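J.: below are the sequence and a predicted model; questions follow.
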Number of protein chains: 2
Amino acid sequence: MKSSAKNGSLLALSSSPSTGLEVRLAARPVGLPNLDHFDVVEVDVPAPAPGEVRVRNLFMSLDPGMLMLIAGGSSLPMPRYEVGEVMYGDALGEVVSSADPSLSEGDLVVHRFGWREYAVAEASAFRRVDKAAYPSPSMHLGFGPVAYIGLMDAAGLQPGDTVFVSSAAGATGSMAGQIARLKGARRVIGSAGSADKVAHLTGKLGFDAAFDYHDGPVLDRLREAAPEGIDVYFDNVGGEQLRAAIEVMNVHGRVAVCGALNRQSTARPDEGPGDLLNVLGKRLTIRGFTLWDHLDRAAEFGEQFRDWLREGSIVYDETVISGLESAPEALLDLVRGRHTGKTVVRLGS
Amino acid sequence: MKSSAKNGSLLALSSSPSTGLEVRLAARPVGLPNLDHFDVVEVDVPAPAPGEVRVRNLFMSLDPGMLMLIAGGSSLPMPRYEVGEVMYGDALGEVVSSADPSLSEGDLVVHRFGWREYAVAEASAFRRVDKAAYPSPSMHLGFGPVAYIGLMDAAGLQPGDTVFVSSAAGATGSMAGQIARLKGARRVIGSAGSADKVAHLTGKLGFDAAFDYHDGPVLDRLREAAPEGIDVYFDNVGGEQLRAAIEVMNVHGRVAVCGALNRQSTARPDEGPGDLLNVLGKRLTIRGFTLWDHLDRAAEFGEQFRDWLREGSIVYDETVISGLESAPEALLDLVRGRHTGKTVVRLGS
């Protein structure tokens, strides 16, 4: 990773800066990326043209799925990152200068312009959000909607289901397990990568059972945790955990495929769901999904989530990293399993 | 396979026989069965007790899925065959003696008592069918409903879809391809195991394209046949064809898993759908199904099927084998790919 100042001097941040930092993909890695695959660059920040706004970012979202977009394989749910271009992604910012009547200075907005201190673009590319909606504005970047869509639409969660969630201490998994419980699951089981995370799942997050996937065959751990089988598997990882879940699944079980962390973190092709006879014999459904196909449902979740937060019935975990330049290292740490809950980068003061 | 006459003499068949033949599973094979794994046995045929009927079978259904029930693995959609017991399965017969008011002599009935000349059981175990419904009574044993449910419910066929069907010259595949076309598919592609069958698909059955899966990598053949990708895969085989289909699938593609012939005919574990990134990236749905979960839809298909037959817009293929004792060999031939269309055994004269 190299940092370059476009004009040789770093200017103090102000509400009307002339330059700002951004992070670009410097090279496409073979296998996993390291810091050399990112550049931090200072660029001009233009004043907004008519119809545009300038937004100062407050938080940006990190997501293990970004590794897939860095690797740039053949079938991706979103465009891959291009070398030399800014890493796009969800971010939350404040309008600091507006040349469009639809947005005013001080408005809080979410957008997809990603890893940069300032974003200047047409006003329609930004969506204003309610400043008072959540205890922390970073919650607007949360993965609750993803978990909700996966459980309700992709997996068709029914009250009474036994639900297994992998990567359950992560941003999506921690939401998925809690939402499953709140939506009537009979039993919620989580897997994670350390004893601390396992304790966190059964403690603060209220999972009925949890295990460390390093502790012996996943199939054995899952059978112990789910003696009556599972009905729904919320899959963030693929690989051994997916195959174990399918083995333990009850008739008419459903897998929502949300991520393939195993594949992403090893960069090995993954054999997928294993023997087809289970899929046929138990009439299973395995379904990949992304939030982008179901954006109409996100608002429904938002209301529900606010109610749960008010009641204190859901816990929102996040890991907050400071400073744009820390983002590449934070992304690598995220994939190494070093964070709990949602990971966001806080920009500015 | 051994034949044994229970009392040392074979009696001539009549409408009131005292004995009849049945086929039992003689031993559970390791790998594929051969004729030694079946016994043909002569047994007493009792007169029906009050509430029962005696049915003389006319046709019985053979199905590649029977091999799975013979192998008796851990997750089966139906009970496995037990050693020493009759091979159960769909059969069509005529009531020859009734001790229940709900059925009369001469009624045509379907049932699940399988590989035997006579079935005696409670009247409620038999379902009367309309003698005039189809040009041949054996059509009551057809797999059209399976193909229909798989396409419409498991795969959610939409007009304009490109559909790929494996084992497309078989009982289910030949129906699936034709039903897809009749339900508005834009393009229907089939695979089969010989040049004759391929010609049959694009000729008599009206497929838009077909290939022999022995002719080089399936992925290459499928790409040639479906240059714009496929939306639905009706899977009768698993293995290489499933993986190729997933590779060629368009976004939001759907796989209906109806059979696992590849697994059944090689008795090797099958690696299933391959790399999970396709499932995630293209938001695919892979769904196992059986007719038994959707029996309420079978009648709907029946009406539609009769209309298509009347219009001449659908072709019903069958291979008819004569005599109960030929059934084991015919089942093995079926799995070896030697039959086209539905395979039935005709009993009696």
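T.: Looks like it arrived, so ask away.

J.: quick one: low-confidence parts of the stretch 201-349 of chain A?
T.: Residues of the stretch 201-349 of chain A that meet the criterion pLDDT under 70 lie in A:261-275, A:349.

J.: at which residues are the strands of the stretch 1-150 of chain A located?
T.: Along the stretch 1-150 of chain A, counting by DSSP state E, counting those that start in this stretch, strands occupy A:2-4, A:19-25, A:38-44, A:52-62, A:91-98, A:108-111, A:118-122, A:127-128.

J.: now A:Glu228: how far from chain B?
T.: Per CB to the nearest CB, to the nearest Å, A:Glu228 is found 15 Å from chain B. C-betas here are computed from N, CA, C, even on glycine.

J.: so that residue sits in a helix?
T.: No - under DSSP: H, G, I helix; E, B strand; the rest coil, A:Glu228 sits outside any helix and is assigned coil.

J.: for it, which non-adjacent residue is spatially closest?
T.: With CB to CB, 6 or more residues apart in numbering or on different chains as the criterion, A:Glu228 has its nearest non-adjacent residue at 6.6 Å, and that residue is A:Thr162.

J.: may I ask you to confirm that that neighbour is in contact with A:Ala185?
T.: Yes - here A:Thr162 reaches A:Ala185: they are 6.8 Å apart, a contact under CB atoms under 8 Å.

J.: list residues touching both of the two?
T.: Taking CB atoms under 8 Å, 6 or more residues apart in numbering or on different chains as the criterion, A:Thr162 and A:Ala185 both touch A:Val232.

J.: compare the two (neighbour count), which wins?
T.: A:Thr162 (25 against 22; other CB atoms under 10 Å in any protein chain shown).

J.: contact partners for A:Lys204?
T.: A:Val315, A:Asp317.

J.: to clarify, my last question referred to A:Ile179.
T.: A:Gly144, A:Ala147, A:Tyr148, A:Leu151, A:Ile314.

J.: name the nearest residue to the last one, sequence neighbours excluded.
T.: Which is A:Ile314. A:Trp308 is the one closest to A:Ile314 (CB to CB, 6+ apart), at 3.9 Å.

J.: for that neighbour, helix, strand, or coil?
T.: helix.

J.: quick revisit: among the strands of the stretch 1-150 of chain A, which is the most enclosed?
T.: Highest mean neighbour count among those (mean count of other CB atoms under 10 Å in any protein chain shown): strand A:52-62, with a mean of 25.

J.: what's the local residue count around the closest residue to A:Gly160 other than its chain neighbours?
T.: Distance criterion CB to CB, 6+ apart; nearest residue to A:Gly160, sequence neighbours excluded, is A:Arg186 at 5.0 Å. Close neighbours of A:Arg186, defined as other CB under 10 Å, add up to 15.

J.: try A:Tyr213
T.: A:Tyr213, neighbours per other CB under 10 Å, totals 23.

J.: what sits against it?
T.: Per CB under 8 Å, 6+ apart, neighbours of A:Tyr213: A:Ser166, A:Ser191, A:Ala192, A:Gly193, A:Arg221, A:Glu240, A:Gln241.

J.: what ranges do the strands span in the stretch 151-300 of chain A?
T.: Under DSSP E, counting those that start in this stretch, the stretch 151-300 of chain A gives strands at A:162-165, A:187-192, A:209-212, A:230-235, A:249-257, A:285-288.

J.: so what angle separates the directions of the fifth one and strand A:230-235?
T.: With axes from the mean of the first three to the mean of the last three CA atoms, to 10 degrees as the basis, strand A:249-257 and strand A:230-235 are set at 20 degrees to each other.

J.: elements contacting strand A:249-257?
T.: strand A:230-235, helix A:239-248, strand A:285-288, helix B:276-281 (3 or more CB pairs under 8 Å, 6 or more residues apart in numbering or on different chains; DSSP states H and E).

J.: what's the answer for the third one, then?
T.: Helices and strands in packing contact with strand A:209-212 are listed as strand A:187-192, helix A:195-202, helix A:218-225; criterion 3+ CB pairs under 8 Å, 6+ apart.

J.: buried residues, the last one. List them.
T.: Pointing back at helix A:218-225 there. Judged by neighbour count using 16 or more other CB atoms under 10 Å in any protein chain shown, the buried positions of helix A:218-225 are A:Val218, A:Arg221, A:Leu222, A:Ala225.

J.: how far away is the closest residue to chain B within the stretch 101-250 of chain A from B:Ala245?
T.: Closest residue of the stretch 101-250 of chain A to chain B, CB to the nearest CB: A:Gly238 (4.2 Å). Taking CB to CB, to the nearest Å as the measure, A:Gly238 falls 19 Å from B:Ala245.

J.: which of these two has more neighbours?
T.: B:Ala245 (30 against 25).

J.: thought that one was touching B:Val255?
T.: Yes - if you go by CB under 8 Å, B:Ala245 and B:Val255 touch, sitting 6.7 Å apart.

J.: can you pull the residues that touch both of these two?
T.: Shared contacts of B:Ala245 and B:Val255, counting by CB under 8 Å, 6+ apart, come down to B:Tyr233, B:Asp235.

J.: looking at the helices and strands packed on strand A:249-257, spot the one closest to A:Val53.
T.: Of all the helices and strands packed on strand A:249-257, it is helix B:276-281 that lies closest to A:Val53, at 32.6 Å by CB to CB.

J.: wasn't A:Leu332 part of a strand?
T.: No - counting by three-state DSSP, A:Leu332 falls outside a strand, being helix.

J.: close enough to count as contact, it and A:His37?
T.: No - A:Leu332 is beyond contact range of A:His37, at 9.7 Å (criterion: CB under 8 Å).

J.: tell me who's in contact with A:Val53.
T.: A:Val95, A:Ser97, A:Ser98, A:Ala99, A:Asp100, A:Leu103, A:Val109, A:Val120, A:Ala121, A:Ala123, A:Phe126.

J.: what is the nearest of these to A:Thr202?
T.: Looking across the contacts of A:Val53 and measuring by CB to CB, the closest to A:Thr202 is A:Val109, at 37.9 Å.

J.: contacts only, for the residue nearest to that closest one when sequence neighbours are not counted.
T.: Nearest residue to A:Val109 in three dimensions, chain neighbours excluded: A:Phe126, at 4.0 Å (CB to CB, 6+ apart). Contacts for A:Phe126 (CB under 8 Å, 6+ apart) come out as A:Val53, A:Val55, A:Val95, A:Leu103, A:Val109, A:Val110, A:His111, A:Ala119.
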